[in-house]
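Peer 1: what follows is a predicted protein model with its sequence.
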Amino acid sequence: MNNPPNGSTAPPGTVGAPTMPSVPPQMRPPHAQAPEPAAPARGTAWAEGVVRVRAAATTEPGRLRIIGAVLALLVVAFGAVTAWQMTDRSAAADDVLHSSQPLSADAADIYRSLADANTAASSGFLAGGQEPAETRDRYEKDISTAAAKLVTAAANSEPDSPSTAAISKLNKLLPQYKGLIERARANNRQGFPLGGAYLRYANETMQEQMLPAAEDLYKKENERLRSDYDSATPYPWAAIGLGVVALGALAWAQRRNYRRTNRVLNHGLVAATAASTVVLLWLVVGHSVARAGLHESYDHGVRSLNVLHDARIASLKARGNENLTLVSRGAETVEVKGVAKDAFDVDYQNQMKTLATKLGDATKLADDSNGKRPVLAAGDNMRVWRNRHKDAREQDDAGNYQGALDKVIGSAQDKPTRECFDNVDKELQSALTHEQAEFQQAATDGRGAMTGLPVGAAVLAVLGAAGAVLGIGRRLSEYR
């Protein structure tokens, strides 16, 4: 066969036809290169998770796994929130019983001890150079009590708390007051009139600086007590709400299981429902009982104690002013409706009005005969005190100073006001002891109703979650 001439091309398919040289891809023009397939874009981890959950939810085993996880999470969350809220409330109730109320009572004792020490100092001064040992011992006991209570209050107060300033002020003023009283006694024993001036200055220090600081401490501790009550008594609505949701979800899951399998009970889900129900009932009933006990301890304990403390303080102030009326001998006067009157006697009358009001309030708050009896007895002694005080003032106004002195601090045959004051103070102490016991009982009952609830709720929640997982796992095993 003849070869084609040079420069000619053979028809396609002809044997021996020359082939075109291949061109490497990198040398081809851009429009001649084949496009490479694009890599699929990757989504976020969250989006991929949602896709997987959706894919799983299209199958019954996948749906069961999701239901089991949600049920376990709800039950555990219910138990955790219950344990958290009840731990806080239990701690607050414990503070009411063992911290804030005792400190409030200590603050009231500080005030009472200081006021009584001031009264005892003025009574001893009126007795002359030979101060009765009983009066001196009472003064020393009151000062020691106030100092000891201040140490306790300082130890239980936060460094930057509002109570700290009042405690520091009282610790600074107490030695100064004692020094003034000792100077008054020393001058009185020698018959120097300067003793009366020192006593009035000591009384001024007590009335204008120490007692206001003690009252401020008392109010601060009462505010702390009220705050602890406010933390202990509110219903744990978050836990209750989660419990209702968890029980609703468990009921729905069991109904769903019944409709698909025609089986009435799933033991795991029933156990989870039972555990959650026990926790919810324990939570509602236990906290309701605790709340009732704490409210009772406040209404029939703390409120009565506060009123009785106020009554006792008023009686102490009245007695101190009664004594100072004779010490000052009219040196200090105040104008009342255009008439000059003894300043201490005017204050005595005001304090006796306060005492009468507080005794009336205490009678209304007392919820049993044992609580009312000492308060009524204190009221009877207060009325006798007023009558005897009137007689003493008549003697003093008539110029019979010794007769007035006998009517105030004399012996029993003189029927002095001292006896009435002592009886009022004794009856009020008896009422305070009774109301303190009432508080202790009610607060202890309230605190006890929450005992074990935080731990019990956590344990039952774990068991309930395990039951829910096992119950769903039993259904899953049927697909294997």
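Peer 2: The structure has been received and is ready for your questions.

Peer 1: next one: phi and psi at residue 193?
Peer 2: Main-chain dihedrals, residue 193, degrees, to the nearest 10: phi -60, psi -20.

Peer 1: residue contacts, it?
Peer 2: Taking Cβ atoms under 8 Å, 6 or more residues apart in numbering, we find residue 193 in contact with residue 187. (Glycine included, C-beta is placed from N, CA and C.)

Peer 1: one more: the one 5 residues further on?
Peer 2: By Cβ under 8 Å, 6+ apart, residue 198 lies in contact with 180, 181, 183, 184, 187.

Peer 1: now, the residues you listed that are in helices?
Peer 2: In this view, the contacts of residue 198 that belong to helices under DSSP state H are 180, 181, 183, 184, 187.

Peer 1: nearest residue to the middle of the protein?
Peer 2: What sits nearest the mean C-alpha location of the chain, by Cα atoms, centre = their mean, is residue 228, with 0.8 Å.

Peer 1: mind putting the contacts of residue 198 into a markdown table with pLDDT, distance to residue 134 and neighbour count?
Peer 2: Output for those, formatted as a markdown table (pLDDT from 0 to 100; distance: Cβ to Cβ, whole Å; neighbours: other Cβ atoms under 10 Å):
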| residue | pLDDT | distance to residue 134 | neighbour count |
| --- | --- | --- | --- |
| 180 | 92 | 22 | 21 |
| 181 | 91 | 17 | 26 |
| 183 | 91 | 22 | 17 |
| 184 | 89 | 19 | 26 |
| 187 | 88 | 22 | 18 |
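
Peer 1: nearest to residue 365 among those residues?
Peer 2: residue 181 (36.2 Å; Cβ to Cβ).

Peer 1: against residue 200, how distant is the closest one?
Peer 2: 12 Å (Cβ to Cβ, to the nearest Å).

Peer 1: how about residue 120?
Peer 2: Counting by Cβ to Cβ - residue 120 and residue 200 are separated by 16 Å.

Peer 1: the more surrounded of these two?
Peer 2: Ranked by neighbour count (other Cβ atoms under 10 Å), residue 120 and residue 200 place residue 120 first, with 27 against 19.

Peer 1: tell me where the stretch 351-480 of the chain has helices.
Peer 2: 369-397, 401-409, 417-448, 453-476 (DSSP state H, counting those that start in this stretch).

Peer 1: could you list the buried residues of the longest one?
Peer 2: Within helix 417-448, the residues that qualify as buried are 417-421, 423-425, 427-428, 430-432, 434-436, 438-439, 442-443, 445-447, counting by 16 or more other Cβ atoms under 10 Å.

Peer 1: with stretch 342-360 instead?
Peer 2: Per 16+ other Cβ under 10 Å, stretch 342-360 contains these buried residues: 342-348, 351-352, 354-356, 358-359.

Peer 1: what do you get for stretch 293-301?
Peer 2: 293, 294, 296, 297, 298, 300, 301.

Peer 1: which residues sit against it?
Peer 2: With Cβ under 8 Å, 6+ apart, stretch 293-301 has contacts from 93, 96, 229, 232-233, 365, 367, 435-436, 438-449.

Peer 1: again, 10 Å this time
Peer 2: Contact partners of stretch 293-301, identified using Cβ atoms under 10 Å, 6 or more residues apart in numbering, comprise 89, 92-93, 96-97, 101, 225-226, 228-229, 232-233, 302-305, 365-368, 371, 435-450.

Peer 1: quick one: low-confidence residue ranges for the stretch 151-300 of the chain.
Peer 2: The stretch 151-300 of the chain contains residues with pLDDT under 70 at 262-264.

Peer 1: 50 - rerun?
Peer 2: For the stretch 151-300 of the chain, no stretch is flagged by pLDDT under 50.

Peer 1: the helices in it, which residues?
Peer 2: 162-189, 194-205, 211-232, 237-261, 267-297.

Peer 1: number of residues surrounding the nearest residue to residue 429 once chain neighbours are set aside?
Peer 2: Take residue 429 and drop its neighbours on the chain: the residue closest to it by Cβ to Cβ, 6 or more residues apart in numbering is residue 312, 7.6 Å away. Neighbourhood size, residue 312 [other Cβ under 10 Å]: 25.

Peer 1: by contact count, what packs against the helix or strand that contains residue 312?
Peer 2: In this structure, residue 312 sits in helix 303-328 according to DSSP states H and E. Using 3 or more Cβ pairs under 10 Å, 6 or more residues apart in numbering; DSSP states H and E, the elements in contact with helix 303-328 are helix 101-126, helix 194-205, helix 211-232, strand 339-342, helix 343-365, helix 369-397, helix 401-409, helix 417-448.

Peer 1: and these as a markdown table, adding distance to residue 132?
Peer 2: Shown next, in a markdown table, are the helices and strands packed on helix 303-328 (distance: least, Cβ to Cβ, whole Å):
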| stretch | distance to residue 132 |
| --- | --- |
| helix 101-126 | 7 |
| helix 194-205 | 16 |
| helix 211-232 | 25 |
| strand 339-342 | 25 |
| helix 343-365 | 22 |
| helix 369-397 | 19 |
| helix 401-409 | 9 |
| helix 417-448 | 11 |
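
Peer 1: lowest-confidence stretch among those?
Peer 2: Lowest mean pLDDT within the helices and strands packed on helix 303-328: strand 339-342, a mean of 76.

Peer 1: what's the separation between the residue nearest to residue 377 when sequence neighbours are not counted and residue 380?
Peer 2: Using Cβ to Cβ, 6+ apart and skipping residues adjacent in sequence, the residue nearest residue 377 is residue 427, 4.6 Å away. Distance of residue 427 to residue 380, given as Cβ to Cβ: 9 Å.
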